[in-house]
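Asker: Pasting the sequence and the predicted model now:
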Protein chains: 2
Amino acid sequence: MAKIYSIGQLAKECDCKVQTLRYYEEIELIPKPERNSGNQRKYSEAHRTRLNFIRHSRQLGFTLDQIRQILSLTDNPSQPCDQVNAIAEAHLNDVVFKIERLNDIRVELERMVHACSGDKISECRIVEVLSDHSLCCSEH
Amino acid sequence: MAKIYSIGQLAKECDCKVQTLRYYEEIELIPKPERNSGNQRKYSEAHRTRLNFIRHSRQLGFTLDQIRQILSLTDNPSQPCDQVNAIAEAHLNDVVFKIERLNDIRVELERMVHACSGDKISECRIVEVLSDHSLCCSEH
DNA sequence: TCTACAATCTACAGTCACTGTAGGTTCAAG
DNA sequence: CTTGAACCTACAGTGACTGTAGATTGTAGA
């Protein structure tokens, strides 16, 4: 007996909001579900699987566009997975880049906060550094 | 003799786009500049200072709202800088948190990409892991 | 069966920080 | 005087949701 989900149940199962589910349907990331006599959405197990995939990919930072691409690639399961791999690697590069950038920022913020004497604003090192990039010790 | 900037010149000096400058004016982050006889904006040195502050803060990841707060605090230079410090520390915490999250994601992505055999999609480890969070070794 | 009240429905506006476009006007160099 | 760059306003679009208003439907208890 196949399980059937209301939109609220499916949202809860997949850790997202009801509106998000309707949004995914609107942008055609998930197929339109059946409706009951009162026009309410009824989702199948297949919907749950697909939504889980989407949500997990989102948690890992993939864009909806990347997810759409991967999902469409998985429609041909016998094809080689080079393209899936390429998308994952591109995203990984992106993440590594972001981490580096954030690390630069962290260093600068730590230096600023540390240098602040807690005194008057007119002498505040934070305000000074924000005013003048050349007081920074790294690019960002 | 005070220097006067056209919008294009100021944008170039402060590493932002002309539209961004007009946007900052619209949301009242920078004061409305004088206009010349042909209705074109003419910026002063004070504008350049303020815009530099904003752009540098943005590069460090502060939100426009935080920047607005800091700027309004600096209107009273004789006040203590606790509040400025608090904003900077809050932002630093934010950055540190984001780095941690991205690191978790990086680890998971590296594991996935590494486990991919480059074979068929039906056997692709990437697709498998994306389908099922429980195959992950960390939270994210 | 009636009554609450929770869940769902559609449609649309708002978020953040810009970015891009269309269609017009002004400026500066040759 | 012409040409082309720079400027003007006003508005739509981005990504990935999130929130709201106002109406309808489903469900549990009296």
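Answerer: Arrived safely.
Asker: how far away is the closest residue to DNA strand D within chain A from chain B?
Answerer: Closest residue of chain A to DNA strand D, C-beta to the nearest atom of the strand: residue A:38 (2.2 Å). From N, CA and C alone the C-beta is placed, and that goes for glycine too. The gap separating residue A:38 from chain B is 32 Å, by C-beta to the nearest C-beta, to the nearest Å.
Asker: what's around that residue, how many residues?
Answerer: Look at residue A:38: counted by other C-beta atoms under 10 Å in any protein chain shown, it has 5 neighbours.
Asker: Just confirm yes or no for the helix or strand of chain A with the lowest mean pLDDT near DNA strand C.
Answerer: The least trusted helix or strand in chain A, going by mean pLDDT, DSSP states H and E, turns out to be helix A:125-131, with a mean of 84. No. Using C-beta under 7 Å from any atom of the strand, helix A:125-131 never reaches DNA strand C; the gap is at least 14.0 Å.
Asker: ok now that helix, how far from the chain's centre?
Answerer: 32 Å (C-alpha atoms, centre = their mean, to the nearest Å).
Asker: Mind listing what's buried along that helix?
Answerer: Judged by neighbour count (16 or more other C-beta atoms under 10 Å in any protein chain shown), helix A:125-131 contains these buried residues: A:125, A:126, A:127, A:129, A:130, A:131.
Asker: Contact partners for the nearest residue to the last one once chain neighbours are set aside?
Answerer: What it means is residue A:131. Excluding its sequence neighbours, the residue lying closest to residue A:131 (C-beta to C-beta, 6 or more residues apart in numbering or on different chains) is residue B:53, at 5.0 Å. Contact analysis of residue B:53 by C-beta atoms under 8 Å, 6 or more residues apart in numbering or on different chains lists A:130, A:131, B:67, B:71.
Asker: The last one touches residue B:50, doesn't it?
Answerer: Yes. Under the criterion of C-beta atoms under 8 Å, residue B:71 is in contact with residue B:50, at a separation of 7.4 Å.
Asker: Those two: which has the busier surroundings?
Answerer: For residue B:71 and residue B:50, the more surrounded residue by other C-beta under 10 Å is residue B:50, and the numbers stand at 20 against 17.
Asker: Count the residues that sit near residue A:5.
Answerer: Counted with other C-beta under 10 Å, the neighbours of residue A:5 add up to 21.
Asker: and the buried residues of helix A:125-131 as a markdown table, adding distance to residue B:112?
Answerer: Shown next, in a markdown table, are the buried residues of helix A:125-131 (distance: C-beta to C-beta, whole Å):
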| residue | distance to residue B:112 |
| --- | --- |
| A:125 | 43 |
| A:126 | 40 |
| A:127 | 44 |
| A:129 | 39 |
| A:130 | 39 |
| A:131 | 44 |
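Asker: closest to residue A:103 among the residues you listed?
Answerer: residue A:129 (17.4 Å; C-beta to C-beta).
Asker: Please report how far the closest one lies from residue B:58.
Answerer: Counting by C-beta to C-beta, to the nearest Å, the gap from residue A:129 to residue B:58 is 14 Å.
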